[in-house]
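Asks: model this:
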Amino acid sequence: MQWADALNEVTVAESAGAAGEVSRVEYDSRRVGPSATFVAMRGGTTDGNRYVDAAIAQGAVAILTDSQETYARLRRERPQIAVARVEHGRRALAELSAAVLGHPERKLALSAVTGTNGKTTTAYLLEQMLRSVGRKTVLIGTIETRIGDEVRESPHTTPESRDTLQVFADGVRAGANEAVMEMSSHALDQERVWGMPVDVAIFTNLTQDHLDYHGTMERYAAAKARLFEGVGAPPPRVGVINMDDPSGPSMKEVFRGREVITYGIDQPNATHCALGVRYEPGSIRFEFDTPYDRVRIESPLSGRVNVSNLLAASCGALARGLTLDQIAEAAPHLTQVPGRFQVVPGSAEAGFTVVVDYAHTDDALRNLIALARELAGPHGGRVITLFGCGGDRDRTKRPRMGRAAGEGSDLVVLTSDNPRSEDPMAIIEEALVGVRETTTECIVEPDRAAAISLAIRAARAGDIVLLAGKGHEKTQTFADRTVPFDDVEVAASVIRELQ
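Replies: Below is the predicted model of the structure:
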């Protein structure tokens, strides 16, 4: 694409110089090559304007900057380089990337999921439902990115717009016609999804998290609500909203699209309900009641939280044109997300169950423990909960998580999660305040591998051991290093030693 044509699709404050063909857009100077435009923008932790000279040295033919100082300097010192200044760097990144890539976002029907908990599972289930009827899909989420059958690592829940649009373009070339993605509150607030036309927007729930970034629950909720308003694009065509959540009605009020689908479990204020829910180990069953018909849903997933996730995905699938019968046919074959109530191999043979789960908020931890209690209760088993809290994140949720663990468990093992730049013991002490508000026994062991061993070795026949917080993650991050660490592998190793 010619530089002049690309600029026509970007909101530019001023520009100078000329460039020919632009075939790539990059915001990381290390990825810049010939025929690339470098977008120099201010971010939360760094300023891309510091790397303009490095990008030019790498072969950038044009610079798009959100800095008046950078623009003036380049005009003065490097007049041979085409440069344009914009007011909003992230918006310009999205606009330019979409133009250069041929607007792949316009060639996919996009379903987006937001919420504190359940985003990943809901997106994962919806994508499987779409695939079950022969649709070719793109999936972008916390666990992985999928383009058809190709699986790629996901470094972020919601990538920068340039990276998302590249995945969309790859998907379109592979024949995809649907996209499903998680949209985090950070991404919505930072406009990393600027200009992406969402067809179906799904809201799962809102509980305390990320206050280190948003500051207040009101600002956190407002960031989530941007999905239903439209971020640089018209509002979604359909809004799917959880009426079991206290924030559901307010999200419904924000929505400015054409159609609202509400869902809930035995929820009289919802248009789509799960009725007569039956829970069994490795199975949930319910009647999916809609305004036009009712169908029986049977799934190998477990627990109330997955009924809610299934409802959200099913409503999203209906909005994307699947029939009730097609949803019912797909449900028995849906698989759980890695790291979400993932049973560790070999634990059943040991006489107890060890489960790895990503739960890292008090609400998610409470739901996880409730599910474990349902499964362990009929067999007289105990619930042993191991958890930690992430460093450099919302500190106010730490005692809340401690209290949730203590209230629901028979034994708590408090350990490290990803301490990052913080002292692991300082984090543990803050979580311990909440555990001490209960009468539950608590063992403190900051070494996560040692703590996992303690929790598993404390288990008796019929018990369920929950290893919460890291889920699918394969590393542990400290102040000075990131080391390989997989809860599933560590737990499996301990179980082998016991056999």
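Asks: residues in contact with stretch 272-286?
Replies: 261-267, 287-291, 294, 296-304, 306-307, 310-311, 314-315, 318, 374-375 (Cβ atoms under 8 Å, 6 or more residues apart in numbering). Every residue, glycine included, has its C-beta placed from N, CA and C.
Asks: Would you mind measuring from residue 191 to residue 63?
Replies: In this view, residue 191 and residue 63 are 20 Å apart by Cβ to Cβ, to the nearest Å.
Asks: Then residue 401?
Replies: Noted for residue 401: a distance of 45 Å to residue 63, by Cβ to Cβ.
Asks: and if you look at residue 25?
Replies: Distance from residue 25 to residue 63, by Cβ to Cβ: 11 Å.
Asks: overlap in contacts of the two?
Replies: residue 37.
Asks: Neighbour count for those two, which is higher?
Replies: residue 25 (29 against 26; other Cβ atoms under 10 Å).
Asks: okay, now residue 226: neighbour count?
Replies: 19.
Asks: okay but it is in contact with residue 187, surely?
Replies: No - the pair residue 226 / residue 187 is not scored as a contact, 9.6 Å apart, by Cβ atoms under 8 Å.
Asks: since we're on the closest residue to residue 370 other than its chain neighbours, how many residues are nearby?
Replies: Nearest non-adjacent residue to residue 370, counting by Cβ to Cβ, 6 or more residues apart in numbering: residue 408, 6.6 Å away. By other Cβ under 10 Å, the residues close to residue 408 number 21.
Asks: same check, this time on the one 3 residues further on
Replies: Here the number of neighbours of residue 411 (other Cβ under 10 Å) works out to 21.
Asks: where do the strands sit along the stretch 1-150 of the chain?
Replies: 14-16, 24-26, 36-40, 62-65, 82-85, 109-114, 137-140, 144-147, 150-153 (DSSP state E, counting those that start in this stretch).
Asks: Tabulate the ones you listed in JSON lines, adding columns for mean pLDDT and distance to residue 412.
Replies: Output for these, formatted as JSON lines (pLDDT from 0 to 100; distance: least, Cβ to Cβ, whole Å):
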{"stretch": "strand 14-16", "mean pLDDT": "94", "distance to residue 412": "59"}
{"stretch": "strand 24-26", "mean pLDDT": "96", "distance to residue 412": "47"}
{"stretch": "strand 36-40", "mean pLDDT": "96", "distance to residue 412": "47"}
{"stretch": "strand 62-65", "mean pLDDT": "96", "distance to residue 412": "51"}
{"stretch": "strand 82-85", "mean pLDDT": "96", "distance to residue 412": "54"}
{"stretch": "strand 109-114", "mean pLDDT": "97", "distance to residue 412": "31"}
{"stretch": "strand 137-140", "mean pLDDT": "96", "distance to residue 412": "35"}
{"stretch": "strand 144-147", "mean pLDDT": "92", "distance to residue 412": "31"}
{"stretch": "strand 150-153", "mean pLDDT": "86", "distance to residue 412": "32"}
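Asks: who wins for proximity to residue 207 among these?
Replies: strand 109-114 (12.9 Å; Cβ to Cβ).
Asks: Can you name every helix or strand that the closest one contacts?
Replies: helix 119-132, strand 178-182, strand 198-203, helix 217-229, helix 304-319 (3 or more Cβ pairs under 8 Å, 6 or more residues apart in numbering; DSSP states H and E).
Asks: just how off-centre is the second one within its chain?
Replies: Chain-centre distance of strand 178-182: 11 Å, with Cα atoms, centre = their mean, to the nearest Å.
Asks: can you start the count at 679 instead of 1 from here on
Replies: Fine by me, first position is 679 from now on; the one you just mentioned is strand 856-860.
Asks: That strand - which strands sit beside it in the sheet, and in what orientation?
Replies: Partner strands for strand 856-860, per DSSP bridges, with pairing direction: strand 787-792 (parallel), strand 815-818 (parallel).
Asks: For that strand, report the contacting residues that lie outside it.
Replies: Counting by Cβ under 8 Å, 6+ apart, 786-792, 797-798, 801, 804-805, 808, 813-820, 835-836, 842, 846, 849, 998 sit against strand 856-860.
Asks: Now the buried members of those.
Replies: In terms of neighbour count (16 or more other Cβ atoms under 10 Å), the buried residues within the contacts of strand 856-860 are 786-792, 797-798, 801, 804-805, 808, 813-820, 835-836, 842, 846, 849, 998.
Asks: hang on, residue 919 in a strand?
Replies: Yes - assessed with DSSP: H, G, I helix; E, B strand; the rest coil, residue 919 lies in a strand.
Asks: from what I can see it touches residue 926, true?
Replies: Yes - between residue 919 and residue 926 a contact is recorded at 5.2 Å, counting by Cβ under 8 Å.
Asks: Common neighbours of the two, please.
Replies: Common neighbours of residue 919 and residue 926 (Cβ under 8 Å, 6+ apart) are 881, 940.
Asks: Between the two, which is the more surrounded one?
Replies: Taking other Cβ under 10 Å, residue 919 and residue 926 do not tie; residue 919 has more neighbours (28 against 22).
Asks: beta partners of the more buried one?
Replies: residue 881, residue 940.
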